[in-house]
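[1] sequence first, predicted model second:
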Amino acid sequence: MTRRIAFLGMLAGAALVAGDSGAQTTPAPPAPNQPSSATDSALEVRTSAVAATLRCPVCQGESIQDSPSELAQQMRAVVRERLRAGESPEEIKAYFASRYGEWILLEPKMTGLNIVLYVLPVVLVVGGLILVVALVRKWTRPV
Amino acid sequence: MNWKRSLIALLAAAPLLALFAFGFTRNPAEIPSPLPGRPAPPFTLAVLTAGEGAHARTPGDTIRLSELAGKVVVVNFWASWCLPCRTEHNALSEAARHYSDKRTQFIGVLYNDSPSAGIRWIGELGGMSYPAVTDVESRTAIDYGLYGVPETFIIDPAGRVAHKHLGPITGDVLRRVIDSVLVSSGTPDSIAPGAG
């Protein structure tokens, strides 16, 4: 969880840096003819965002963004290349799912039986709360 | 009153216990691959070591999957740092020799390893009867949804993945799968060049 928050912070920071490049106080002039570093960091942000949704095959419950393993790094390189070639994040996820199965997606798609995964916890929590409220009322009823 | 409560607790726990009992019979490392039945991802890989006989290729040349249409292709991912790869090595080398007169091509893809370590390993194990190839940046491994070594893919003559094997493969599995692919694809010995 903390990892996720840290990652989101990094993303936000990187986005700020990327969006703020024109307002920097560095002596370098805004470079319309040299956009490489700005587009590079934007590409890194997009790569990280996609990599964070893909499971590292050789780790335990880690994304390829979080894992330092060689395979995860190579998979991130594939993500980066495909983004650069103009593929959308959804197309890239579909590519990995077609090779590794849906297991590679850290967040299962919200279709079919998977909906149970999303709905059941909510149902259980709400049901539990109702049960607790009902029981407390019953126990504390004035005699 | 008390037995009633225990009964309710037991009934509430039963589905959970049943779920756990089922879960413990499953191996979480076994993830079904979507590849069997689908067209094998194409590859072009550089030859590292030659291999023998009909399987032999010139080191430095490339092997393309598309050139191998009409053959049963056995693609084994291995590494010198992989212990189970030692276990399966003889079975693979022997099967490659056994099928060398049939329409088959065995290929050993070196995974996340240095070519020199791979060559040394082959020497240590007394050779490899089929060519070893290198996979730059593991692009082919990722294309095949690899998550560890050894993994072996058997591709039918039409270019579809017929079988994926996780972990060290045995001679029995190789023979069973290759024979059934050769039979079902109508590529029996009699069609082999020179036999008719």
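    In hand now; what should we look at?

[2] residues contacting the residue in chain A that chain B sits nearest to?
    Per CB to the nearest CB, the residue of chain A with the smallest distance to chain B is residue A:57, at 3.3 Å. Backbone N, C-alpha and C define where each C-beta goes, glycine included. Taking CB atoms under 8 Å, 6 or more residues apart in numbering or on different chains, we find residue A:57 in contact with A:71, A:100, A:104, B:145-148.

[3] so among the residues you listed, which ones count as buried?
    Neighbour-count burial (16 or more other CB atoms under 10 Å in any protein chain shown) is assigned, among those, to A:71, A:100, A:104, B:145-148.

[4] now those residues as a markdown table including distance to residue A:39?
    Formatted as a markdown table, the buried ones among the contacts of residue A:57 follow (distance: CB to CB, whole Å):
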| residue | distance to residue A:39 |
| --- | --- |
| A:71 | 27 |
| A:100 | 29 |
| A:104 | 27 |
| B:145 | 31 |
| B:146 | 31 |
| B:147 | 32 |
| B:148 | 36 |
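
[5] tell me the centre residue of chain B?
    By CA atoms, centre = their mean, the mean C-alpha position of chain B lies nearest to residue B:152, the distance being 0.5 Å.

[6] on that earlier part again, from the contacts of residue A:57, which land in helices?
    Assignment to helices by DSSP state H places the following of these there: A:71, A:100.

[7] taking the contacts of residue A:57 together, which two end up most distant?
    Pairwise distances across these peak at 14.1 Å for A:104 and B:148 (criterion: CB to CB).

[8] next, residue B:97: secondary structure please.
    Classification of residue B:97 using DSSP: H, G, I helix; E, B strand; the rest coil returns helix.

[9] that one against residue B:106, yeah?
    No - shown here, residue B:97 and residue B:106 do not form a contact pair, counting by CB atoms under 8 Å, at 9.3 Å.

[10] can you give me the helices in chain A?
    Applying DSSP H to chain A gives helices spanning A:2-20, A:36-51, A:70-84, A:89-100, A:115-139.

[11] residues contacting the fourth one, please?
    Read it as helix A:89-100. Outside helix A:89-100, the residues touching it (CB under 8 Å, 6+ apart) are A:46, A:49-50, A:53-55, A:57, A:75, A:79, A:82-83, A:87, A:104-105, B:31, B:33-35, B:41, B:142-145, B:147.
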